[in-house]
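Novice: sequence and predicted structure, then a few things I'm wondering about:
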Amino acid sequence: FSLGDVAFVALSRGFNSYTGLGSNRTLNLTGFRTPLLEGLYCNLATELGPVPEPARWSFLCTGGEPIEVDDGGLVVHGSLPSGGMVALHANYTFRGPEGGHIG
């Protein structure tokens, strides 16, 4: 789901071994619509340690691969693991040494 035009969140319940319900599969987020502008975004749900305020952000993802969004707001590269969470925010983009696109 989206939070206005600044954030996108996706949740996976995952598999419950007690009830036998849920999925163990990773969900490919390609094609999911977000409110975000084109760019690479760090998944704040997987960042290592506390997430700093935007003014102190280093533009490097420490908890996993960034998620790529195209100019129409669609995810073009990203996944949601079973039982996991994706939390993207407009102020937490990735600007690594390679730049550009993933893959």
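Specialist: Okay, I see it. Residues are numbered from 1 along each chain as shown.
Novice: could you pull out the strands for the protein?
Specialist: Along the chain, the stretches classed as strands by DSSP state E are 2-3, 7-11, 27-28, 39-41, 67-69, 75-77, 79-80, 85-89.
Novice: which of these sits closest to residue 58?
Specialist: For the strands of the chain, distance to residue 58 was read as C-beta to C-beta. The smallest value, 13.7 Å, belongs to strand 39-41. In this view, the C-beta of every residue, glycine as well, is placed from N, C-alpha and C.
Novice: paired strands for the helix or strand of the chain with the lowest mean pLDDT, with orientation please.
Specialist: Confidence across the helices and strands of the chain bottoms out at strand 2-3, with a mean of 88, counting by mean pLDDT, DSSP states H and E. Strand pairing for strand 2-3, determined by DSSP bridges: strand 7-11 (antiparallel).
Novice: list the buried ones in the strand it pairs with?
Specialist: Along strand 7-11, these residues count as buried under the neighbour rule (16 or more other C-beta atoms under 10 Å): 7, 8, 10.
Novice: okay if I get those residues as TSV plus pLDDT?
Specialist: Putting the buried residues of strand 7-11 into TSV (pLDDT from 0 to 100) gives the following:
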residue	pLDDT
7	96
8	97
10	96
